[in-house]
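K.L.:
Below are the sequence and a predicted model; questions follow.
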Amino acid sequence: MQKKADTARNPEVLAIDIGGTFVKMGLVSSKGAIREVKVLKSQANDPYSLFEKRLSDHLQLYREITAENPPLAIGVGAPNASRREGAMINPPNFKWGSRVPLLATIASLWDLPVFLTNDANAAALGERRFGAARGMHDFVMLTLGTGLGSGIISHGQLLTGHNEMAGEIGHINVYPKGRQCNCGLKGCLETYASVTGIKRTVFELLARDNADSVLKSYAFEDLDGKIISEAALNGDAIAQEAFTYTGTILGLKMADTAAHLDPEAFIISGGLSKAGALLLDPVKRSLEASLFPVYRGKIKVLLSSYSSAEAVLGPAALAWDHLEQNG
C-alpha cells in the first residue's frame, strides 16, 4: 500500500476519521496515497463547541496546504453518524449532545461537498477499495477501539437499514444484566470486546485473583491495549486470560452475526486488533465452535493491514465512491 502521495498535483479528497480518543485527518488520492496526516485528540468529554474550534483551525491549515490544488470533497466517518440526518445521533462515548450536526459544521467551514457515514461503515468501504476486502462482496468490518463499531457489505452494497443506522453489532447483548454501557443499556458487546472492554476485564480479574501481574501498577485511565498486549506476550497470566475471555465472547457473537449474514469474512481493525494472534486465536476457536454447521470452515477472520494513521482511508473511500458514482 502506498502511504504517501507522489505529488500534491494528484486529485485528492480530505478524509476525517473521528474516534472516541483521536481524530485523524489526511489528504487521500483515488489510489489510496495519503499525505499531510494530522492527529488531534477527540476530547469527547468536552463540549462540542471546543471541537468545532479545533476543527476550524485544522481545516484552515488544509486550505493553506492545498491552496493551489484544493480537495474535491470531504469524507467523514464518525460514531453513530447518520447520512440522512447529517449528524451523530446519541453517540454513546461522546458528551457532544444527542444530535451532533457534523455535516453542517464542516460544510460551513469549507465550501466543498461533504459526505458523512458511520465510522465503521467508512472503514468497510476503505477495506473494500484499498485493503483486505478487495474483491469481496459480503463481509463484516469490526472496529475494536474505544468502543466496537461495525460495517456490513452485503451483495457488494453497504447495508444501511431503514434509518441508515444498521450494523450496530457493538450493541447486541452479551449478558442481559451485564456491564453498563455508555449507550444506556447493559451487557452490550462493546463493553467486553473493545479496548475499554478488555481494560474492564483486566480490573475484574485483578480484583478476583491475587495473581502477580505487572498490570496491577496501572490506573484504569493509564492502561491501554498495547500495555495489555505486551504483558500477555511476556507471559502475564492476567493479561493472557483477559485476551482469552475477550476473544471468546467476540467469537461467539460473530457466530450469531454469521447466521444472519453468511459473510465471506470478518475483518478486524482498531487498537485491540494490534494484539494479533493474542486476540485472533481465541476469536477463531470460539467462532468455529459456535457456528451453525453449514458455515464451519468457510468464514475467514482477517486483520486489517492499516496503521492508525491509515484510518483516513475509510472516509476517503466514502468520498471517492460518491464522486465516482455521480460522475
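P.N.:
Perfect, thanks for sending it. Numbers count the residues shown, from 1 in each chain.
K.L.:
tell me the helices in the stretch 101-250 of the chain, going along the chain?
P.N.:
Remark: helices assigned in the stretch 101-250 of the chain by DSSP state H, counting those that start in this stretch are 102-109, 119-130, 195-208, 225-233, 237-261.
K.L.:
For residue 163, which of those helices is the nearest?
P.N.:
Residue 163 sits nearest to helix 119-130 of all the helices of the stretch 101-250 of the chain, at 13.2 Å, using Cβ to Cβ. Glycine gets a C-beta too; all of them are placed from N, C-alpha and C.
K.L.:
ok so, going back, can you put the helices of the stretch 101-250 of the chain in CSV and add distance to residue 188?
P.N.:
Formatted as CSV, the helices of the stretch 101-250 of the chain follow (distance: least, Cβ to Cβ, whole Å):
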stretch, distance to residue 188
helix 102-109, 23
helix 119-130, 15
helix 195-208, 9
helix 225-233, 18
helix 237-261, 10
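K.L.:
which stretch among the ones you listed comes nearest residue 301?
P.N.:
Per Cβ to Cβ, nearest to residue 301 of the helices of the stretch 101-250 of the chain: helix 237-261, 7.8 Å.
K.L.:
for the record, mean pLDDT for stretch 206-221?
P.N.:
Mean pLDDT, stretch 206-221: 90.
K.L.:
Flag every buried residue along that stretch.
P.N.:
206, 213, 215, 218 (16 or more other Cβ atoms under 10 Å).
K.L.:
neighbours of the residue lying closest to the second one once chain neighbours are set aside, just the number please.
P.N.:
Right, residue 213. Of all residues not flanking residue 213 in the chain, residue 238 sits nearest, at 4.0 Å (Cβ to Cβ, 6 or more residues apart in numbering). For residue 238, the count of nearby residues is 22 (other Cβ atoms under 10 Å).
K.L.:
Next, the contact list for residue 238, please.
P.N.:
Residues counted as contacts of residue 238 (Cβ atoms under 8 Å, 6 or more residues apart in numbering) are 202, 205, 206, 209, 211, 213, 215, 231.
K.L.:
Try it again at 10 Å.
P.N.:
By Cβ atoms under 10 Å, 6 or more residues apart in numbering, residue 238 lies in contact with 201-203, 205-206, 208-209, 211-216, 228, 231-232.
K.L.:
picking up where we left off before, so which of the buried residues of stretch 206-221 sit within strands?
P.N.:
Using DSSP state E, no member of these sits in strands.
K.L.:
Out of these, which comes closest to residue 243?
P.N.:
Using Cβ to Cβ, the buried residues of stretch 206-221 come closest to residue 243 at residue 215, 12.1 Å.
K.L.:
The closest one contacts residue 229, correct?
P.N.:
No: between residue 215 and residue 229 there is no contact under Cβ atoms under 10 Å: 11.3 Å.
K.L.:
if I look at these two, which residues touch both of them?
P.N.:
By Cβ under 10 Å, 6+ apart, the residues touching both residue 215 and residue 229 are residue 239.
K.L.:
where does residue 312 land in three-state SS?
P.N.:
Secondary structure assignment for residue 312 (DSSP: H, G, I helix; E, B strand; the rest coil): helix.
K.L.:
Centroid-nearest residue for this protein?
P.N.:
By Cα atoms, centre = their mean, the mean C-alpha position of the chain lies nearest to residue 143, the distance being 3.5 Å.
K.L.:
quick one: that residue from residue 52, how far?
P.N.:
Separation of residue 143 from residue 52 (Cβ to Cβ, to the nearest Å): 24 Å.
K.L.:
cool, and residue 100?
P.N.:
For residue 100, the distance to residue 52 equals 10 Å [Cβ to Cβ].
K.L.:
Likewise for residue 30?
P.N.:
As for residue 30, its distance to residue 52 is 29 Å (criterion: Cβ to Cβ).
K.L.:
domains for the chain, by residue range?
P.N.:
Following automatic domain parsing, one finds the domains of the chain at 12-125, 134-303.
K.L.:
Show me the one of these that comes nearest residue 323.
P.N.:
Of all those, domain 12-125 sits nearest to residue 323, with 5.9 Å by Cβ to Cβ.
K.L.:
So what would you say the end-to-end distance of the closest one is?
P.N.:
With Cα to Cα, to the nearest Å applied, domain 12-125 spans 17 Å between its terminal residues.
K.L.:
List the contacts of residue 177.
P.N.:
Residues counted as contacts of residue 177 (Cβ under 10 Å, 6+ apart) are 186, 187.
K.L.:
what's the lowest-mean-pLDDT helix or strand in the chain packed up against?
P.N.:
Least confident element among the helices and strands of the chain, by mean pLDDT, DSSP states H and E: strand 81-82 (a mean of 89). Judged by 3 or more Cβ pairs under 10 Å, 6 or more residues apart in numbering; DSSP states H and E, the packing partners of strand 81-82 are strand 87-89, helix 102-109, strand 114-118, helix 119-130.
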